[in-house]
Structures are given as C-alpha cells and as structure tokens.
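[1] for reference, the sequence and a predicted model appear below.
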Amino acid sequence: MPFIVSRRRVGPLRLISVNLLGADPAITEIRIPLIEPGYEHLTAHAVHDNLAGIRNWDWIHWTGMSSTFAEALTAAGGVLQWEPPVEDVILDLPSSWEEFRSRLKRNIRESLRHCYNSLKRDGHQFELQVIEDPAGIRAGLDRFLTLHRMRASLKHTVAHPDRFCGQVCRDFLYAVCERLAERGAVRLFALKIGSQVVAMRLGFVVGDSLYLYYSGFDPQWGRYSVMTTTIAEAIKYAIAHGLKMISLSRTNERSKSRWGPRQVAYASACEFNLRIRSRLACKAYLNVMSDKSYSSKLIRRLVANQSRTWD
C-alpha cells in the first residue's frame, strides 16, 4: 500500500487526503494496491490501524480495487462513496497474427489494408524497430517526446495533451525507462520510413503481457495512418514473442475499441473520515472536481495554486 498524504490549504480550510502513490494527472494511469489473494480482509484492517496514526485526515481516495478488497474495506468499517470505475482495455492474443486478424471487424481490416497498401503504392518502405537495450533508450525517448509533442499540437482532431510538457515528467520518464530497460522490461516501438522514424509507441513487458503506454507521430505522415500501422506491428511482435495479452491502457476510445478488446473494471471510491467536517469537505471537493461549470473550473484553479505539501 504505497500511500501519499496530501495537505492542501484553501484560505482558512486545511484539507488532508490520502492517495495511492502516483496521484498525478495522467503519467501513472492506473494505481492499484498489490494484495495477495485471500489477504484482503487482513489488509483492510491493517490499513485502518495504520491510518489511525495520521492525524486529522479527511478522506482516502481508493483506486484500482478488486471487488473483494472493496467488500473488505466496507466490512472493516469504511464509509465509502463510489466513483465511476477505472477501466483497462485488454487484447487477448492468439498464437498467430492471421488468427488475430480474422477476429477483427471489417472496418479495422479495411483500415489495415489501407495503411499498408497506401505506403506501398507511393513507393515507401517501412520497418519496425524495437528499442529495448539500455544504450539506445535515451536517444529513442528523445525522438519519442518530439513525436508526442507533434501529435499534441494537432488541431481539428481528437485532442491528445502533451503529457510530458513539464521537465519533472520528462525526467521521470527517462529515469523509469532507463531503470526498467536494465531489467529487460522496456519496448519502444519505432516505425521507420526510409531514414526517418515517423511514429512511436512506448511499451512495457511484464511476464507474458505487454502494456502499451503513450505514443506520438509526425503529422506529415498522418494520411498513411502510421499510428495504426505501428500498433499492428507491435501486436505482431507480441504474438511472435509468445505474449498472451496486450493492455491498450485506460479509456475505451474508438482507436482502441475497434481492435475488439475486452474491458477490465477496477473499483474507485472515496472513504470518508467519520468526522462531519471531513465528510462535508470531501463531498464538496469531489463535487467541484467533477463539475464542468465555469465557477467550478475557477475553484479548481484556485485549489491548484494553493499551498500543498506531501508526505
């Protein structure tokens, strides 16, 4: 249970929340407690015993909970307000690309044909490079960040924010990938046309599964759907290397749903401190954070700019 304690001060109010480590806007996509099956009830009681040592906390934000652990928290005396679940999008892989492709709907099969045929028709040859050795990761990430920024700058299309616009986020990405590359866990899929890398998707291998993280591409090659080609080639790579599953990461948007994935839901909830003040503060905070009105946006900006400390 890696927790982080956040202390916010808004005028005379002092709010103290407890979150699973990784409570950032998007870099850590799914924050999940790691519990050996069968120990959920013991864990729930142990967590509450330890939280008794944190003075005056107002709420705990639980994410990534299994249904068993959610039941255990309730049984341990927690007062939970449920939130929409966090959903992961999963592709189960067969033993061959041909079998996988045969399961796809007609529209994505047509899209794949267009991707490959359009490049061939215009005389472009491509290759997929998979960067995984520690020596090549930093240079690969340099290009990845450039392509990610290019994608984020596109107008009149689905918005994709630049998740690594801040130096802290970029430093975090380099540090994590370099350390994981030493353990053989990083795969940086790079689609190369001629001498130029035009699209990339960052992935991590854990056991027999591949987790596909953020991506980027050069808009000048957008008419060839190079991002779709990159994902298709990454799927081929995973099948060829005996992997059984690919996570396409959170949110079931159209670019993911067309591959025919299944969804895995993780429960999310806020657990109130039993004090009336804490319950009112938590409900007010959640309402402001979820409301899309102009006044709530102003309050969120005010909260973000206030003094905040972490333990």
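    Structure's in. What do you need? Residues are numbered from 1 along each chain as shown.
[2] pull the helix or strand with minimum mean pLDDT from the protein.
    For the chain, counting by mean pLDDT, DSSP states H and E, helix 294-304 ranks last in confidence among helices and strands (a mean of 52).
[3] what's the closest non-adjacent residue to Leu180?
    Computed as CB to CB, 6 or more residues apart in numbering, the closest residue to Leu180 that is not its neighbour in sequence is Val186, at 5.0 Å. Where C-beta positions appear, they are placed from N, C-alpha and C, glycine not excepted.
[4] typed the wrong thing, it's Gly184
    Glu132 (6.9 Å).
[5] try Ile231
    Per CB to CB, 6+ apart, closest to Ile231 is Arg201, 6.5 Å.
[6] which residues are contacting the helix or strand hosting the one you found?
    Arg201 is part of strand 196-206, with elements assigned from DSSP states H and E. The contact list for strand 196-206 (CB atoms under 8 Å, 6 or more residues apart in numbering) reads 129, 140-141, 143-144, 147-148, 177, 180, 184-192, 210-218, 220-221, 226-227, 229-231, 234, 243.
[7] next step: those restricted to strands.
    Counting by DSSP state E, the part of the contacts of strand 196-206 found in strands is 129, 186-192, 210-217.
[8] quick check: PyMOL command selecting the buried ones in those residues.
    Only the buried entries of these go into this PyMOL selection, using 16 or more other CB atoms under 10 Å:
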select buried, resi 186+187+188+189+190+191+210+211+212+213+214+215+216+217
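[9] between the ones in strands among the contacts of strand 196-206, which is nearest Ile108?
    Set against Ile108, the nearest of the ones in strands among the contacts of strand 196-206 by CB to CB is Leu212 (16.2 Å).
[10] what's the spacing between Asn117 and Trp59?
    54 Å (CB to CB, to the nearest Å).
[11] residues contacting the residue lying closest to Pro85 once chain neighbours are set aside?
    Of all residues not flanking Pro85 in the chain, Ala265 sits nearest, at 4.1 Å (CB to CB, 6+ apart). Going by CB under 8 Å, 6+ apart, Ala265 touches Pro85, Val86, Glu87.
[12] which of these has the most neighbours?
    Val86 (19 neighbours; other CB atoms under 10 Å).
[13] what helix or strand is that one on?
    Per DSSP H and E: strand 79-92 holds Val86.
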